[in-house]
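Asks: build me a model:
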Amino acid sequence: MQIAESVGGRRRIVAHVGSAHTEAELGLLVERARELLDDPGQGEFDLGLAPAAPRTALIGPPGALALFENPGTPVPGRSAVAPPRVVATASRVLFDVLAAVFDDLGFDALADEVFRDLVVARIVEPTSILDTARVLGDLGVRPASEKTMRRTLSRAHRGSYRDQIARACFEHAAASGDVSLCLYDVTTL
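Replies: This next block holds a predicted model:
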């Protein structure tokens, strides 16, 4: 068992925890890896998910005892299985968390799901309106058509969404305590 990180699209091994030969050893190694990964200074998002330890048998049921297996006969308890393949991937948890923040800030008062999807997609990856459908698909959301997204942006302009969002931001900040203003200089030299 190893602890690895992805750096620049390549996997780098951070620590080698050990090798397991029994399920008990595997359980000990998993617990040791969790201890190594646990950092008291690292915060966690409460996503409302309970961790569940996967259970996997390391070895199959015992077969007939023999010094050498006969190459012409199948091994009892083992079957030829095609290697696993990825059918689809999605970051649905990320979308759900960002959509919940959108709602918690009071932006759901706009009652415009396509606008919410556009905002979440732009937070995840600032990209063109043409590429927003790909980002939403990666998040596990069925995107609206390009024409619908363009109509939504026009509706946001005509419906003064900016003023409504600013009002919701102020109400959220006022209800949360301190109202401060932070200005950033985004000019380039």
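
Asks: and the residue nearest to L130 when sequence neighbours are not counted, how many neighbours?
Replies: Distances taken as Cβ to Cβ, 6 or more residues apart in numbering put E146 closest to L130, at 6.6 Å, once the chain neighbours are dropped. Bear in mind the C-beta positions are built from the backbone N, C-alpha and C, glycine included. Taking other Cβ atoms under 10 Å as the criterion, the count of residues near E146 is 12.

Asks: what sits against E146?
Replies: By Cβ atoms under 8 Å, 6 or more residues apart in numbering, the residues touching E146 are 129-130, 133.

Asks: tell me the predicted confidence for it.
Replies: E146 carries a pLDDT value of 91.

Asks: next up, phi/psi of the residue most central in space within the chain, please.
Replies: Nearest to the geometric centre of the chain sits S91, at 4.2 Å (Cα atoms, centre = their mean). Here the main-chain torsion angles of S91 (degrees, to the nearest 10) amount to phi -110, psi 60.

Asks: from L153, how far out is it?
Replies: Separation of S91 from L153 (Cβ to Cβ, to the nearest Å) stands at 24 Å.

Asks: where do the helices of the chain begin and end?
Replies: Taking DSSP state H, the helices of the chain run over residues 23-37, 92-104, 113-124, 132-138, 146-158, 161-176.

Asks: kindly reformat the ones you listed as TSV containing distance to V14.
Replies: Converted to TSV, these look like this (distance: least, Cβ to Cβ, whole Å):
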stretch	distance to V14
helix 23-37	9
helix 92-104	24
helix 113-124	26
helix 132-138	26
helix 146-158	41
helix 161-176	38
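
Asks: looking at the ones you listed, which is closest to G48?
Replies: helix 92-104 (9.5 Å; Cβ to Cβ).

Asks: in CSV, list the contacts of E146 along with neighbour count, distance to T22 and pLDDT.
Replies: Below are those laid out as CSV (neighbours: other Cβ atoms under 10 Å; distance: Cβ to Cβ, whole Å; pLDDT from 0 to 100):
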residue, neighbour count, distance to T22, pLDDT
I129, 14, 55, 88
L130, 9, 54, 87
A133, 19, 48, 91
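
Asks: tell me the one among the residues you listed nearest to A33.
Replies: When these are compared against A33 (criterion: Cβ to Cβ), the nearest one is A133, at 38.1 Å.
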